[in-house]
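Student: any chance you could fold what I've pasted below:
(one chain, ligands or ions: 1)
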Amino acid sequence: MTEPTNKHLHEANRQSWNEATAAHNSHKVDQAGFLRDGGSTLFPEEVELLGDVAGKRLAHLQCNAGQDTLSLAKLGADAVGVDISDVAIDFAKRLSEESGIPAAFHRADVYDWLDAARDANERFDIVFCSYGAICWLSDLDRWAAGIHDNLVPGGRFVTVDLHPVSMMFNERFELTYPYFGEAKAIKWDDGIQDYVAAAGEALAPSGYQEGVRDFNNPHPVYEFQWDIGASLTALLSAGLRIDQYREYPYCNAAKLFDHMREVPGRRMYPPEGTPSIPLMYGVEAAKPG
Ligand SMILES: C[S@@+](CC[C@H](N)C(=O)[O-])C[C@H]1O[C@@H](n2cnc3c(N)ncnc32)[C@H](O)[C@@H]1O
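Tutor: Okay, here's the model as predicted:
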């Protein structure tokens, strides 16, 4: 098995995600009860792109604490969640047990897991990732090839993620960062923040509680700003066919900037009076059958 590129950066990110995931979940009330009693953490955009998942073998990459994986399992998917964070995967396994919703969870670097699953001939009908996944990938070509190799012929890759345009602004919605990241890691010394506390109910559909206060993450993170051309080209070069590419003028639940306008459905638009920009995008790609 080949070592993933930039493994040391992935491991640093793991520390930061461990710390933040505990803080994030401290704000969410009775998540097991919420899922058991009919709740779902999925948004309409991914539900629409995914289509009917019942009976499908589905790999959820970078699943964090498994809420979306279990929501997909409730829709009938035979779901496998993968994440590098120990805290996230321990939480996901507990949530599966406590909610009584079966799904498999693996703690692994996504690159290692894609290699291992391919070598074990696992094969999936759907590979899925969402909301803040692609910015942690240090090698898009290797990722896309791993997805391709793990799909059955006719299988599909689906993602809905924050648009790289949304990453060009600081929290005051001032144009600050370049669109083109040039495949270089960007270090954030303050690590993964407590964006669940910032979003409140919007990111805690089971209910919001105070939880951890004044969270400070001691572990820096290393992120990548991939332009849309880079992501789509990686998928195409791996042999996938792009069937849908969508852009949305809002993002789901995340309060990325001050004064975002929230409309029903937990959709967040840029502040009043600003022209529309893409804040989120969706992709459906297929492995030719
Ligand atoms: C914003 S979260 C994704 C949340 C997800 N959409 C969900 O269902 O909750 C990003 C996740 O990527 C994971 N991650 C970052 N780098 C990774 C890597 N190299 N391999 C696997 N997981 C990784 C983090 O641990 C974190 O849980």
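Student: where does the residue nearest to residue 7 when sequence neighbours are not counted fall, phi/psi-wise?
Tutor: Among residues not flanking residue 7 along the chain, residue 109 sits closest, at 7.0 Å (C-beta to C-beta, 6 or more residues apart in numbering). Backbone N, C-alpha and C define where each C-beta goes, glycine included. Dihedral pair for residue 109: phi -60, psi 130, per degrees, to the nearest 10.
Student: so for residue 109, what's the pLDDT?
Tutor: Per-residue pLDDT puts residue 109 at 98.
Student: so how many other residues sit close to it?
Tutor: 18 (other C-beta atoms under 10 Å).
Student: just residue 12 next, same as before
Tutor: 18.
Student: any idea which helix or strand carries it?
Tutor: Element membership for residue 12, per DSSP states H and E: helix 7-26.
Student: how about the helix or strand following that helix: buried residues?
Tutor: Toward the C-terminus, helix 7-26 is succeeded by helix 31-36 as the next helix or strand (DSSP H and E). Neighbour-count burial for helix 31-36 flags 31-32, 34-35 (criterion: 16 or more other C-beta atoms under 10 Å).
Student: against residue 171, how distant is the residue nearest to residue 7?
Tutor: 30 Å (C-beta to C-beta, to the nearest Å).
Student: cool, residue 268 as well?
Tutor: 13 Å.
Student: who touches the residue of the stretch 1-150 of the chain found nearest the ligand in this structure?
Tutor: In the stretch 1-150 of the chain, the residue that lies nearest the ligand is residue 132 (2.9 Å; C-beta to the nearest ligand atom). Residue 132 makes contact with 161-162 under the criterion C-beta atoms under 8 Å, 6 or more residues apart in numbering.
Student: so it: helix, strand or coil?
Tutor: coil (DSSP: H, G, I helix; E, B strand; the rest coil).
Student: interface residues of this protein facing the ligand?
Tutor: When proximity is defined by C-beta under 6 Å from any ligand atom, the chain lies next to the ligand at 10, 13, 17, 62-64, 67-68, 83-85, 88, 109-110, 130-133, 136.
Student: need the longest strand for this structure.
Tutor: strand 151-162 (DSSP state E).
Student: C-alpha coordinates for it, CSV please?
Tutor: What follows is strand 151-162, C-alpha atoms only, in CSV (Å, rounded to 0.1, in the frame of the first residue of the first chain):
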residue,chain,number,x,y,z
LEU,A,151,-17.4,1.8,-7.5
VAL,A,152,-19.2,-1.0,-9.3
PRO,A,153,-19.7,-0.3,-13.0
GLY,A,154,-22.6,2.1,-13.2
GLY,A,155,-22.0,3.2,-9.6
ARG,A,156,-22.1,6.9,-8.7
PHE,A,157,-20.1,9.4,-6.7
VAL,A,158,-22.2,12.2,-5.1
THR,A,159,-21.1,15.2,-3.1
VAL,A,160,-22.5,18.5,-1.9
ASP,A,161,-19.9,20.8,-0.5
LEU,A,162,-19.1,24.4,0.3
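Student: that one: which residues count as buried?
Tutor: 151, 155-162.
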